[in-house]
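Asker: Generate coordinates for the sequence data below:
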Amino acid sequence: MNSFEINKIITAILVTILVVFGIGKISNIIFDKNDENIVAYKVEAPEDLAVKASSEASIDISALLAIGDIAHGEKQFKKCKACHSIKQDGGNKIGPKLWNVMFRKVGSIVDYKYSKALLSYGKEWSWEEMNGFLIKPSAWIKGNKMGFAGLKSEKDRASVILYLNQNSDNPKPLP
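Answerer: The predicted structure is shown next:
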């Protein structure tokens, strides 16, 4: 092995080391830590989404519920089962139990620790409230701790609302 071959090997090793450490330094410059030492950037949703969430809640609830289907709602509710129980004798999970949720006061389950936002909300889960909440929970009741993104499809929301209403001691008649 001549000296030229040894120089190529040493140069390849040095370039590799420089690239590895250089990428680390460059990424530290690009993704500088913020005041809370969190290496991330907050991505804000456009204001239009919050306005859309509040305006969609004022739609004709009778027409919305007419497109829903309880069987479809049961399928859609599978997204909720990780955090909520729907059984009559079911207990609280990460979220409160949802048996009898329709037309119940928001934040009223005694043995569940709600966020301050839900405790102070002061309304009941009417058709309109549940629809607005299911569009985007964080936009409907600001400060609640529910991490669910929401149901964008009107049929999905209507179906889940019908399913929640059905899972009750006394299901309410549709409007």
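Asker: how much space is there between the residue positioned nearest the centre of the chain and residue 127?
Answerer: In the chain, the residue lying closest to the centroid (C-alpha atoms, centre = their mean) is residue 148, at 1.7 Å. When distance is defined by C-beta to C-beta, to the nearest Å, residue 148 is 19 Å away from residue 127. No exception for glycine: its C-beta is placed from N, CA and C like everyone else's.
Asker: same deal with residue 166?
Answerer: Distance of residue 166 to residue 127, given as C-beta to C-beta: 13 Å.
Asker: Mind splitting this structure into its structural domains?
Answerer: 1-43, 47-166 (automatic domain parsing).
Asker: Next SSE downstream of the lowest-mean-pLDDT helix or strand in the chain?
Answerer: Within the chain, confidence by mean pLDDT, DSSP states H and E is lowest for helix 47-56 among all helices and strands, at a mean of 49. Following helix 47-56 in sequence order, the next helix or strand is helix 61-66 (DSSP states H and E).
Asker: what distance separates that next one from the centre of its chain?
Answerer: Taking C-alpha atoms, centre = their mean, to the nearest Å, one finds the center of helix 61-66 at 24 Å from the center of the full chain.
Asker: Kindly confirm my reading that residue 131 is in a strand.
Answerer: No - counting by DSSP: H, G, I helix; E, B strand; the rest coil, residue 131 is not part of a strand but helix.
Asker: How about residue 97: what's its closest non-neighbour residue?
Answerer: residue 85 (4.6 Å; C-beta to C-beta, 6 or more residues apart in numbering).
Asker: separation between residue 74 and residue 68?
Answerer: Distance from residue 74 to residue 68, by C-beta to C-beta: 11 Å.
Asker: what is the mean pLDDT for the lengthiest helix in the chain?
Answerer: The longest helix of the chain (DSSP state H) is helix 3-30. In this model, helix 3-30 has an average pLDDT of 88.
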